[in-house]
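> Kindly generate the corresponding structure for this input.
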Amino acid sequence: MATISYLNADKFKLLPLSLPSLCSCPCRFASSQSLILHRRFSKLTYIPLVFTRRRPVFQFSQNGFLPHRRVIRAVAQAEPDRLDEGNAEKQDLILESQQKVGQFKNRIIFGIGIGIAAGGVVLAGGWVFTVTFAAAVFAGAREYFELVRSRGITEGMTPPPRYVSQACSIICALMPVFIMYHGHIDVSVTSAAFVVAMALLLQRGNPRFAQLSSAIFGLFYCGYLPCFWVKLRCGLAAPALNTRLGATWPVFLGGQAHWTVGLVATLISISSIIAADTFAFLGGKTFGRTPLTSISPKKTWEGTIIGFCGCILTSVMLSKVFSWPTSLFSAMAFGVLNFFGSVFGDLTESMIKRDAGVKDSGSLIPGHGGILDRVDSYVFTGALSYSFIKTFLPLYGV
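Numbering: from 1, shown residues only. All right, here's what the predicted structure looks like:
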């Protein structure tokens, strides 16, 4: 009959026991966790925790090992032979926090770099702005058609063939060049839509309406709408006569004539959108309670309202700096249009990504995702800003 020995558990730190920890090897450093486990060491041997006279004790059977000093020291100091769950969770949290810090640093570094580069391109204008803009449009169009081909969307519809997607991306990139060269884009957009429709209808197999609709929407969303930024920056060439910065602008950089209505309007629009996104983010983090829409669960009504106020305030302040537009009502209306255009563009891209089942449209920009993730707020805003100026500010150079 096996001899039963007891070890008072009250005198020792309760730790997980393992067969390696009870071998003849010296015990290693003690674990920081106190845990009780019923662990099987062999086919017939256990170390159960039992209660004798209301005291917890370890019950040892001499069939498995002898309860001498080494066993007692093992009970008190043995380290588990497996990763402790608590330590593993702590390590996961540490790694996750380190990854977030790294992503935040990349976001700041690349965000500052992109902001400086974009500001220089906007100030340069002309073909520098157009060609750079066309490259961004091409990258955004490629991301859009990759989203259309993602598993989440293809489960409910048939995407256009890959060669049609590539052709549409090239057409979208050429649209800003056409509008810069010809001054209008109506004929080129109509021709491009006709060519894409014929290519889809004449393909082998059974053409699908979903293929046609997704391709035409891609031309509209990634090509036609962004082209209004070229019309806004380069098309409104009337000088902003009252702009103080124009009077002190260096002659070798174009002098006062360089400061056109298009340049001022573009700077105000971009700055207002940035302010709307920033104020909405900070306001939502601080006061956000009520979700705005299920399309983008992180957006809240509180953040949206704060972003709305920040956008209008930025538009009014910059109108005083640039002395355009001269009317306070026009500056406020310009800010309202920029805000609603940015929100609608953001939600549209969120809807596409939600259907695609992805978090980011791409990975081109470290810490930011893809091109569409950065310019979604600008897609509709260019068309709204240009139409507002041409319709309601006929004396836009004064």
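> Show me the domain layout of this structure.
4-87, 120-392 (automatic domain parsing).
> from these, which stretch is densest packed?
domain 120-392 (a mean of 19; mean count of other C-beta atoms under 10 Å). In this view, the C-beta of every residue, glycine as well, is placed from N, C-alpha and C.
> and it, how far from the chain's centre?
Averaged C-alpha coordinates place domain 120-392 at 16 Å from its chain's average position (C-alpha atoms, centre = their mean, to the nearest Å).
> and the end-to-end length of that domain?
29 Å (C-alpha to C-alpha, to the nearest Å).
> can you give me the helices for this protein?
Using DSSP state H, the helices of the chain run over residues 69-77, 85-124, 126-148, 151-154, 162-182, 186-201, 209-219, 227-230, 244-247, 261-287, 301-322, 328-356, 371-375, 381-392.
> rewinding a little: can you put the domains of the chain in CSV and add distance to Gln99?
CSV is the format used below for these (distance: least, C-beta to C-beta, whole Å):
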stretch, distance to Gln99
domain 4-87, 19
domain 120-392, 11
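> So which of the helices of the chain is nearest Ile295?
Evaluated with C-beta to C-beta, the helices of the chain place helix 328-356 nearest to Ile295, the distance being 5.0 Å.
> if we can go back for a sec, which one of the helices of the chain has the lowest average pLDDT?
With a mean of 45, helix 69-77 has the lowest mean pLDDT of the helices of the chain.
> Could you report the distance from the closest residue to Phe133 other than its chain neighbours to Gly102?
Excluding the flanking residues, the one nearest Phe133 by C-beta to C-beta, 6 or more residues apart in numbering is Pro176, at 5.2 Å. Pro176 sits 35 Å away from Gly102, going by C-beta to C-beta, to the nearest Å.
> Same check on His368?
14 Å.
> again with Phe129
From Phe129 to Gly102 the distance is 33 Å (C-beta to C-beta).
> Ala117: neighbour count?
Ala117 is flanked by 11 other residues according to other C-beta atoms under 10 Å.
> and what of Ile108?
11.
> Same question for the one 3 residues further on.
The number of residues packed around Gly111, counting by other C-beta under 10 Å, is 14.
> per-residue confidence for the residue nearest to it when sequence neighbours are not counted?
If the residues on either side of it in the chain are set aside, Gly111 comes closest to His368, at 6.9 Å by C-beta to C-beta, 6+ apart. Listed pLDDT for His368 reads 72.
> what does Phe29 give?
38.
> same question, the one 3 residues further on
Each residue has a pLDDT score; the one for Ser32 is 37.
> doesn't Ser191 make contact with Leu219?
No: under the criterion of C-beta atoms under 8 Å, Leu219 makes no contact with Ser191, lying 10.9 Å away.
> The residue nearest to Phe133 contacts Leu225, doesn't it?
No: taking C-beta under 8 Å as the contact criterion, Pro176 and Leu225 are not neighbours in contact, 11.3 Å apart.
> can you pull the contacts of Ser350?
295-296, 376 (C-beta atoms under 8 Å, 6 or more residues apart in numbering).
> cutoff 6 Å now
Ser350 is in contact with 295-296, counting by C-beta atoms under 6 Å, 6 or more residues apart in numbering.
> all numbers from here: first residue = 111
Let's use 111 as the start, then, which means that last one is Ser460.
> Relative to Ser406, how far out is it?
4 Å.
> Grab the nearest non-local neighbour of Ser495.
Ser379 (4.9 Å).
> same deal with Val340?
Pro286 (4.8 Å).
> and that neighbour, what is it in contact with?
240, 243-244, 337, 340.
> Out of those, the closest to Ser425 would be?
Using C-beta to C-beta, the contacts of Pro286 come closest to Ser425 at Val340, 21.5 Å.
> I'd assumed Tyr291 was in contact with the closest one.
No: the pair Val340 and Tyr291 fails to qualify as a contact (C-beta atoms under 6 Å) at a distance of 10.4 Å.
> Between these two, which contacts overlap?
By C-beta under 6 Å, 6+ apart, no residue touches both Val340 and Tyr291.
> Phe444: what's it in contact with?
By C-beta under 6 Å, 6+ apart, the neighbours of Phe444 are Ser425.
> How about Cys344?
Counted by C-beta under 6 Å, 6+ apart, Cys344 has zero contacts.
> at 7 Å what do you get?
Cys344 makes contact with 235-236, 239-240, 290, 372, according to C-beta atoms under 7 Å, 6 or more residues apart in numbering.
> want to throw the residues you listed into TSV with distance to Pro270?
As requested, the contacts of Cys344 are exported to TSV (distance: C-beta to C-beta, whole Å):
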residue	distance to Pro270
Gly235	35
Gly236	34
Phe239	30
Thr240	27
Met290	28
Gly372	35
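> Could you report the separation of the residue nearest to Phe243 from Tyr334?
10 Å.
> Between the two ends of stretch 358-378, how far is it?
For stretch 358-378, the end-to-end distance is 19 Å (C-alpha to C-alpha).
> hmm, who's touching it?
232, 235, 342-350, 353, 355-357, 425, 428-429, 432, 434, 444, 495, 499, 506-507.
> Repeat that for stretch 495-504.
338, 341-342, 346, 375, 379, 435, 440, 444, 447-448, 506.
> Check the offset of it from the chain's centre.
On C-alpha atoms, centre = their mean, the centre of stretch 495-504 falls 32 Å from the chain's centre.
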